[in-house]
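Q: have a look; sequence and predicted model below, questions after that.
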Amino acid sequence: MTQTVIGIFEKGIDAQTAVQKLESSSISRQNIDIANPSATSDRVQSGTVENTDGVSNFFSNLFGGNDDAKKHTEVARRGWVVTVHANTKQEAERVAEILDNSGAVDVDERAQQYMGQSTTAQGTDMTSRQTTQTPGNTNQRGGSDMSIPIIEENMQVGKRQVETGGARIRSRIIEKPVQENMRLREEHINIERNAVNRPATDKDFANFKEGELNITEHKEVPIVNKEARVVEEIRVNKTTEEHNETVRGTVRKTDVQVDKTNPTNSDNTGRTDTTGRPENMPPRKPGENI
């Protein structure tokens, strides 16, 4: 759901800075609008702005014509308005934080300040209108004032860490067959029966009894024992190097060129000063008549 976030700034440079910060925060420029209602304002009556212009209509449609719409209209007509159309609630909160950090004014506080000056502003405005309408006053001006903001960019150079490479160290266990030759002994029992014919002796009579004789065979078998030994070490460390690098970029600046045009004059083509002398004539000497 799209949400609209509005920031009102007193100075145009603050509004432009806020727009640049929004663009740096991945906010699409198509979703950002910047306007200067104070440049198109042609009259303020009784300290409050007339509710018949596009600014009041915008805030009336946004807030429904309540007191919030009047407050925002009052403050907006004296400054710059940055409108951002956020796509999500999280993006709207991020936009609001950026606008506040960029110097957006407190609408409620400024509205009370402007409305508190309404009585004084009314008396001053009435006096000024009577003065400018005095016949023969040479300070009368027709049309509306226009302000052109002069904006200059400054390049700020910083640094951040980026990943440029690395090393991956993996260890695994591998097996390989080994063999060793050795000599082993093994016992075997051999039984022989020999036929004899001789008289029995006392020793023979001592063994002339029932019994059981167990004879055990033995043999040698290999025994395997393993010993682990450290045969190599791998050391891992990092070294840091510093170098100088020149950062180049471009910055923009508003360049305003003012060319004065010659008014239409049926007598001559030169521009005239306040005394009616053509612009290309030398200055009048003291006591000289026109």
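A: Noted; the coordinates are in hand. Numbers count the residues shown, from 1 in each chain.

Q: alpha carbons only for contacts and neighbour counts from here, please
A: Will do.

Q: what about the nearest residue to residue 32 once chain neighbours are set aside, which helix or strand?
A: Of all residues not flanking residue 32 in the chain, residue 84 sits nearest, at 4.6 Å (Cα to Cα, 6 or more residues apart in numbering). For residue 84, the host element (DSSP states H and E) is strand 80-86.

Q: list the neighbouring strands of that strand plus their orientation.
A: Under the criterion DSSP bridges, strand 80-86 sits next to strand 3-9 (antiparallel), strand 32-35 (antiparallel) in its sheet.

Q: need those in CSV (columns: mean pLDDT, mean neighbour count and distance to residue 229).
A: Formatted as CSV, those follow (pLDDT from 0 to 100; neighbours: other Cα atoms under 10 Å; distance: least, Cα to Cα, whole Å):
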stretch, mean pLDDT, mean neighbour count, distance to residue 229
strand 3-9, 87, 21, 69
strand 32-35, 87, 16, 69
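
Q: tell me which of those strands lies nearest to residue 190.
A: Minimum separation from residue 190 across those (Cα to Cα) falls at strand 3-9, 105.2 Å.

Q: now the element after that closest one, going C-ward?
A: helix 12-24.

Q: so what's the residue count around the nearest residue to residue 36 once chain neighbours are set aside?
A: Closest residue in space to residue 36, ignoring its immediate chain neighbours: residue 80 at 4.6 Å, by Cα to Cα, 6+ apart. Residues lying near residue 80 (other Cα atoms under 10 Å) number 25.

Q: the nearest residue to residue 184 once chain neighbours are set aside and residue 245: what is the separation?
A: Leaving aside its chain neighbours, residue 184 sits nearest to residue 220 (5.2 Å; criterion: Cα to Cα, 6+ apart). According to Cα to Cα, to the nearest Å, residue 220 and residue 245 sit 76 Å apart.

Q: the two: which is more packed in?
A: Set side by side, residue 220 and residue 245 show more neighbours around residue 220, with 10 against 6, by other Cα under 10 Å.
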